[in-house]
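> need a structure here:
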Amino acid sequence: MALKYVIKDFRDDGDKKYVGFMITDEKGSQFAIDKKVTLSEGKTNEQYVKDALALAKSEIDEWVASFAQIGKTWNPDTEALE
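From the prediction side, this is the model:
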């Protein structure tokens, strides 16, 4: 499943870089998540985004997995999802 990641927030917050994502799946479902990464001299914007995304990965994966059974049909005779 292809996800689209749009940066919704990107700012300094004390000694942290606050990075917010709006993630959209192929069906148009959206998930917003924010992470803070420690500021480091010489770090690029892309590196902050990459680090923030790494921190958010498990929560994004959980959100994606929550759709796994949606739309399937339950067959009570075979006790199986189809």
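> Quick one: the strands in this structure, in order.
4-13, 16-24, 30-38, 74-75, 80-81 (DSSP state E).
> got the contact list for the helix or strand of the chain with the lowest mean pLDDT?
The weakest-scoring helix or strand in the chain, judged by mean pLDDT, DSSP states H and E, is strand 80-81 (a mean of 88). The contact list for strand 80-81, computed with Cβ atoms under 8 Å, 6 or more residues apart in numbering, reads Gln69, Lys72, Thr73, Trp74, Asn75. (Each C-beta comes from the backbone N, C-alpha and C, glycine too.)
> residues contacting the third one?
Okay, so that is Thr73. Taking Cβ under 8 Å, 6+ apart, we find Thr73 in contact with Leu81, Glu82.
> at 6 Å instead, please
By Cβ atoms under 6 Å, 6 or more residues apart in numbering, the contact set of Thr73 is Glu82.
> May I have the beta-bridge partners of Lys35?
On the basis of DSSP bridges, Lys35 is bridged to Val19.
> If you tally nearby residues, what's the number for it?
By the criterion of other Cβ atoms under 10 Å, Lys35 has 21 neighbours.
> Then Asp51?
If we define neighbours as other Cβ under 10 Å, then Asp51 has 18 of them.
> I figured it hits Lys36, correct?
No. Counting by Cβ atoms under 6 Å, Asp51 does not reach Lys36; the two are 9.9 Å apart.
> Any idea how many residues pack against Ser40?
Ser40, neighbours per other Cβ under 10 Å, totals 11.
> per-residue confidence at it?
pLDDT for Ser40: 96.
> do you know how far the spatially most central residue of the chain is from Glu41?
Centroid-nearest residue in the chain, with Cα atoms, centre = their mean: Ile60, separated by 3.6 Å. Per Cβ to Cβ, to the nearest Å, Ile60 is found 29 Å from Glu41.
> Run the chain-centre distance for stretch 41-57.
14 Å (Cα atoms, centre = their mean, to the nearest Å).
> err, stretch 48-63, not the other one
6 Å.
> pLDDT (mean, whole number) over that stretch?
Averaged over stretch 48-63, pLDDT sits at 97.
> Give me the buried positions along that stretch.
By neighbour count on 16 or more other Cβ atoms under 10 Å, the buried set for stretch 48-63 is Tyr48, Val49, Asp51, Ala52, Leu53, Ala56, Ile60, Trp63.
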